[in-house]
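Participant: Here's a sequence, model it:
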Amino acid sequence: MKIRTFFDLCSGIGGGRLGLEMAGLESVGYSDTSKLSVTTYNLMFDTKGEKNYGNLRRIKPENLPPFDLLIAGFPCQSFSVIGRQDGFADIRGQIIFHIARLLKETQPMCFILENVRGLVTHNKGQTIKTIVDLLRDSGYSVVYKVLNSLEYGVPQMRQRVYFIGIKKGLGVEAEDFNFPLPLEKPALDSYLTEHKEVSEETLEYLERYLVNKVNQGRYSMSDILNMEGKVIDTRMSDLRIYDGKVPTLRSQRDGIFYVKNHQLCALTGYEALLLQGFPKEYADRVKGVVSDRHLLMQAGNAMTTHVIRELCISLLKTSSMKKKTWKIFEEDCCAYLTKKYGDSPCSFEAHGGADSTSSDICVKKGGVMKFNIEVKMSGAQCGQFVLFPNMAKQRFDFSPRNKSPLSDSAKAIIAYMDEHFDLYSPLTRSGENLDIPRELMFDWVKQYYSECKGTRYFMTRYDDFVISDIDRIEHYFDISATYRIKQSGSAHPTAKNLKEIQSIADSWGLENKDLTLDNGNCYISIKNTEDIIKLHGSSYAYQFKREKGNLYEVKRLSNTANANVIFSVHAKNPQQPEDLKKFEEDLLN
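Facilitator: Numbers count the residues shown, from 1 in each chain. Predicted coordinates:
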């Protein structure tokens, strides 16, 4: 699976295109119906030899050139929380069906789709379920996640949901895809460069705005002008003030200001392009050619280039994966150690295999285990523990079947999740990132590997093989944690599971009756509109699958199909001499 080319659908002004080009891909064509956006697009990019295929509803797949990846920021107004949320009732909300048609008929290797965050909760989650099912029926494995541009290299608070799809049968699945880790947020000053002072007319409008029913008595214009460096947003009736970042850029209106040298400045279209990740050399190509107001609108509709770049880089890493690559990497690490340190008193044995409860390489001296080494590709999962959302008590319960103990760091993580129960309790396979200190995540990993697996060193590859003392792994890895469901098998419940099944059905407010076991099969009558429901008890997760009418069959999911806090690491630094010296001393002692 080698990704080289892409087709830019619903291209806008090319935020998605630029992100993919930054990652090394090449465009073969684009499609958009807005003449103004196409003008800006052609000024931004060298589109000679490329065709605008226009209205995607009329695109015939046989007329498209071959391409490996499809990208589309499909129209979002009908799903936006600030729109009417008409969804599929709005003709713009039906664009996704045409995208699915093109995917099904052209079968590129993968896709990246973008939409507003409101899509996730629209129609109580039924809309996004329909979209995911539609994309899967088109021949793809699919994952999705809400990402904030603020965490990917621009100082703009822009939350969007991103869908990643990988064609079935290529040897890797979308579930193998790792959403990119956050990047450092840059300083805002380098983005607000034009310092365009507002007009007298705008000042008069703001004077009236500051004394409306919502804002009266909060701030005077003098107060505002003394907020040096602050960003002022008049999005709604209430005034909002930001420090070091700007709110989501929008296409329908302006209304974002900032204070520079005690003067109120209006955000310009040029600055909006920078905030969407367009470099100055690209923004300079349209400055003075496209009107400021149109640039503001177009930037508000664009994708953030940095987010697309990072997604593409992660997708390229996924595309190069092969099944059991971890096994090959483990064997390579063991061979490297044997070759380099074969003269030491120690021997190296790859023994972890697929057993996640055992470390990967055992270091032996005189035939006796001395310590273990954990091998991690970049990126890789790095431990997990099962948590059950307790809907009745609005908290998360640590499963007694966990292999890892309930450590102090695990308790701190659970306490944080309890405080944000509403965010994490809606379980999905893509999950939610945990916004907790890196030190806390590393503490859990260190405790788990050292105490439960006898691990003393981690081994990975950066420019070359890297060996890290477990107490210093933060010098070599970035880390993240996600709460999500892991897919696995199922089994028939037993009689001892009936009480738990009844309890979780009650805690979720399901009107139920007639819970029975019949020749090993378990059934329950539930009044519900969903065909499949997954619920979690204190010991197991259960799947309720509609058989007929209100009758559901219940199956017990294995522990690996439960909701897990999953830790992931990515290599970030080459070998440091002090760690290598310590490792070599351990081999000799």
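
Participant: drop to CA atoms for contacts and neighbour counts, all remaining ones
Facilitator: Fine.

Participant: Mind listing the residues bridging to residue 398?
Facilitator: Residues in a beta bridge with residue 398, per DSSP bridges, are residue 387.

Participant: residues touching it, list them.
Facilitator: Listed by Cα atoms under 8 Å, 6 or more residues apart in numbering, the contact set of residue 398 reads 385, 386, 387, 388, 406, 538.

Participant: Report how many residues lie close to the fifth one.
Facilitator: The one in question is residue 406. Applying other Cα atoms under 10 Å, we find 16 residues neighbouring residue 406.

Participant: circling back: can you tell me which two in the contacts of residue 398 are farthest apart?
Facilitator: The span of these, defined through Cα to Cα, is set by 406 and 538 at 14.8 Å.

Participant: Can you tell me how far the residue lying closest to residue 51 once chain neighbours are set aside is from residue 214?
Facilitator: Excluding its sequence neighbours, the residue lying closest to residue 51 (Cα to Cα, 6 or more residues apart in numbering) is residue 29, at 5.5 Å. Look at residue 29 and residue 214: by Cα to Cα, to the nearest Å, they are 48 Å apart.

Participant: Who has more neighbours out of the two?
Facilitator: Higher neighbour count among residue 29 and residue 214: residue 29, with 21 against 13, using other Cα under 10 Å.

Participant: For that one, I want the exact helix or strand it lies within.
Facilitator: strand 26-31 (DSSP states H and E).

Participant: tell me what that strand is packed against?
Facilitator: Packing partners of strand 26-31 (3 or more Cα pairs under 8 Å, 6 or more residues apart in numbering; DSSP states H and E): strand 5-9, helix 15-22.

Participant: go with 10 Å
Facilitator: Applying 3 or more Cα pairs under 10 Å, 6 or more residues apart in numbering; DSSP states H and E, one finds that strand 26-31 makes contact with strand 5-9, helix 15-22, helix 35-44, strand 69-73.

Participant: Name the residues of the longest one that come out as buried.
Facilitator: Spelled out, it's helix 35-44. Buried residues in helix 35-44, defined by neighbour count with 16 or more other Cα atoms under 10 Å: 37, 38, 40, 41, 43, 44.

Participant: returning to what we had before: so for residue 476, which of the helices and strands packed on strand 26-31 sits nearest?
Facilitator: Going by Cα to Cα, the one of those nearest residue 476 is helix 15-22, 25.6 Å.

Participant: ok, back up a step: buried subset of the contacts of residue 398 as a ChimeraX selection?
Facilitator: Of the contacts of residue 398, the buried ones go into a single ChimeraX selection, burial set by 16+ other Cα under 10 Å:
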select :385,386,387,388,406,538
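
Participant: and the next element down the chain from the helix or strand hosting residue 203?
Facilitator: Element membership for residue 203 (DSSP H and E) is helix 200-209. Proceeding N to C from helix 200-209, the next assigned helix or strand is helix 221-225, under DSSP H and E.

Participant: sorry, back to before: surely the residue nearest to residue 51 touches residue 46?
Facilitator: No. Using Cα atoms under 10 Å, residue 29 makes no contact with residue 46, being 11.2 Å away.

Participant: Return the backbone torsion pair for residue 350.
Facilitator: Per-residue torsions, residue 350: phi -80, psi 110 (degrees, to the nearest 10).

Participant: from memory it sits against residue 336, does it?
Facilitator: No. Residue 350 is beyond contact range of residue 336, at 11.6 Å (criterion: Cα under 10 Å).

Participant: Which one's more surrounded, these two?
Facilitator: Neighbour count, other Cα under 10 Å: between residue 350 and residue 336, residue 350 has more, with 20 against 14.

Participant: Kindly state the beta-bridge partners for the more buried one.
Facilitator: residue 361.

Participant: Contact partners for residue 23?
Facilitator: Shown in contact with residue 23 (Cα atoms under 10 Å, 6 or more residues apart in numbering): 4, 17, 306, 308, 309, 310, 311, 312, 313, 314, 316.

Participant: Let's have the helices and strands packed on strand 26-31 in JSON lines, adding mean pLDDT and distance to residue 239.
Facilitator: Converted to JSON lines, these look like this (pLDDT from 0 to 100; distance: least, Cα to Cα, whole Å):
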{"stretch": "strand 5-9", "mean pLDDT": "96", "distance to residue 239": "36"}
{"stretch": "helix 15-22", "mean pLDDT": "96", "distance to residue 239": "29"}
{"stretch": "helix 35-44", "mean pLDDT": "96", "distance to residue 239": "31"}
{"stretch": "strand 69-73", "mean pLDDT": "95", "distance to residue 239": "29"}
